[in-house]
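In: What would the 3D arrangement of this be:
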Amino acid sequence: MIKLRPYQSQTIDDLRAALGRSRSALCVAPTGSGKTVLAAYMLGTARTKGRSAWFIAHRDFLLDQTAATFDSVGIPYGFIAAGRPYNAAHHVQIISIGTASRRLDRLTPPDIIVWDEAHHIAAAGYRKIYQWAFRSRHVGLSATPARLDGKGLDEFFDELVSGPSVSQLMAAGYLSQYRAFAPSAPNLSGVHVIAGDYNRGELGTVMDDGQIIGDMVRHYRERADGKRAIFFGVGIEHSKHIANTFSGSGIPCCHIDGDSSREERRDAAWKLASGELRIISNVDIASEGFDLSAQAGVECPVECVGLARPTKSLSLHLQQIGRSLRPKEHPAIILDFAGNLLRHGLPDDARAWSLKGIDRRRAASREGPAVTQCASCFGVHRAGLMACPYCGVGRTLQAREVEEVAGELIELRRAEREEINRKDRERYAREKAEQAAAVTLAELIQLGRKRGFTNPSYWAMRVMDGRRKRA
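Out: Predicted coordinates:
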């Protein structure tokens, strides 16, 4: 039986309401909020009603993690994935995007499809299945529904359902608090931008530098010595150099990438969990959807992330730092050697997601947060404050481009971040109290109108249904 957290129950109710109005909805919820559990609940419910349901993932390890979740809650399933057992008798199927897109002529569209990491849905394989199953109901799951090309997801989803914010989950203890540090940002003035992000080859040349990697070792020892860490490299050689440098300095570290076998990935995760390794350095593996505990088979949240790959992608940035935010006894440590915190902001910054796209040329002129560096303590925070929130020095602050920022690692404890968190918590509590005070159906309909819902009557009925079920 699946026991949902309160915010997950609300998200399910909101998704049901959205799918009552339309055939597709995108659910946005932070990394670590339990989106696979939401998927299991939806697909398990569909199965009990005799409906067919697919869960689609684009990574091999995501298939395994999803299967483990379904196993834990007793949902029978089959696979449509290379090298895995197929059983057409099961109502629920776990789908490899690559395998399914090649077998559509032999398959029947299901009643409902849940798309994992749905911000990829514009890619060719995803699009092919989406168009083939146009009569199905579609639910997208994503922590970061922002495409690098700036295009929106409204071509695929009719409605956006927002789960709780990162700051709300931190305040409730469902996500870890953190301490974020930013080293001097690399000089990327000679690195070109291709398809919206930095050229990987040129980026590797800049970042695969002995001094930069040596600084990673030094700052890891200073801020996170002995903690389980995942480092994100630019490319395979860069990641291997990171692993070799840490190991050569007496800090056990290994490298994994897309060519690593399932067994190699699991072995690395187990060794990190057991303490045989302290760090995993990776390329394009441990970002989207990667759950160290699920890979290792034991509870072992990531305690530290090292950002060594500069990126213009907000989604990639948030996915990487999100690996460290699963609940744990002590705050997570974020070590940024790429300038990404200065470029994109902190994990719990307030962000408004939309199905609409953005004009990349217009957005480029205001990309990322407005940051300032204190000339006294090198603290980095939002521009416009009368004094540095760290050392209290008055207007000796100077705004700089992220590529020009220099200085020692500094802790990003920003007074304005706490203010955003406080207002976020107050708003959430206010809305919950307001909804609880609306006792009758008429009062709920009036509240729905006040909040600007498209169909306040349907929303109100769903709330009443949810209350009856929980009574």
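In: alpha carbons only for contacts and neighbour counts from here, please
Out: Noted.
In: in the stretch 51-200 of the chain, which spans are helices?
Out: 60-72, 97-102, 124-132, 166-171, 200-207 (DSSP state H, counting those that start in this stretch).
In: Tell me the buried residues in the third one?
Out: Residues of helix 124-132 classed as buried under the neighbour-count rule (16 or more other C-alpha atoms under 10 Å) are 125-126, 128-130.
In: For that helix, name the packing helices and strands.
Out: helix 97-102 (3 or more C-alpha pairs under 8 Å, 6 or more residues apart in numbering; DSSP states H and E).
In: same question for whatever helix or strand residue 305 lives in, mean pLDDT?
Out: In this structure, residue 305 sits in strand 304-307 according to DSSP states H and E. Averaged across strand 304-307, pLDDT comes to 94.
In: Point out the other helices and strands that that strand packs with.
Out: In this structure, strand 304-307 makes packing contacts with strand 229-232, helix 314-322, strand 332-336, judged by 3+ C-alpha pairs under 8 Å, 6+ apart.
In: quick check, nearest of the buried residues of helix 124-132 to residue 325?
Out: For those, the minimum distance to residue 325 (C-alpha to C-alpha) is 28.6 Å, reached by residue 126.
In: That closest one against residue 120, yeah?
Out: Yes - judged on C-alpha atoms under 8 Å, residue 126 makes contact with residue 120 at a distance of 7.4 Å.
In: residues shared between the contacts of those two?
Out: Counting by C-alpha atoms under 8 Å, 6 or more residues apart in numbering, no residue touches both residue 126 and residue 120.
In: Could you check how far the residue found closest to residue 193 once you drop the neighbours it is linked to in the chain is from residue 282?
Out: Distances taken as C-alpha to C-alpha, 6 or more residues apart in numbering place residue 199 nearest to residue 193, at 5.5 Å, with adjacent residues excluded. Residue 199 sits 18 Å away from residue 282, going by C-alpha to C-alpha, to the nearest Å.
In: Give me the more crowded residue out of those two.
Out: More crowded of residue 199 and residue 282, by other C-alpha atoms under 10 Å: residue 282, with 25 against 15.
In: For the closest residue in space to that one that isn't next to it in sequence, the count of nearby residues, please.
Out: Nearest residue to residue 282 in three dimensions, chain neighbours excluded: residue 256, at 4.9 Å (C-alpha to C-alpha, 6+ apart). Per other C-alpha under 10 Å, the neighbour tally for residue 256 reads 21.
In: who's in contact with residue 256?
Out: Applying C-alpha under 8 Å, 6+ apart, we find residue 256 in contact with 264-265, 268, 280-283, 285.
In: Please, which helix or strand holds residue 17?
Out: helix 6-21.
In: hang on, I meant residue 237
Out: helix 236-248.
In: who's in contact with that helix?
Out: 204, 207-208, 213-214, 217, 232-233, 252-255, 257, 279-283.
In: C-terminal to that helix, what's the next element?
Out: Scanning forward in sequence from helix 236-248 by DSSP H and E, the next helix or strand is strand 253-256.
In: Quick check: mean pLDDT of that following strand?
Out: On average, strand 253-256 scores 95.
In: how many other residues sit next to residue 443?
Out: By other C-alpha under 10 Å, the burial measure for residue 443, its neighbour count, is 14.
In: low-confidence ranges in the stretch 351-471 of the chain?
Out: For the stretch 351-471 of the chain, the stretches flagged by pLDDT under 70 are 358-425, 427-428, 452-456, 458, 462, 469, 471.
In: need the contact list for residue 334.
Out: 178-181, 304-307, 321, 324.
In: Okay, now the unreliable bits of the stretch 201-350 of the chain?
Out: In the stretch 201-350 of the chain the weaker segments, taking pLDDT under 70 as the threshold, are 287-298.
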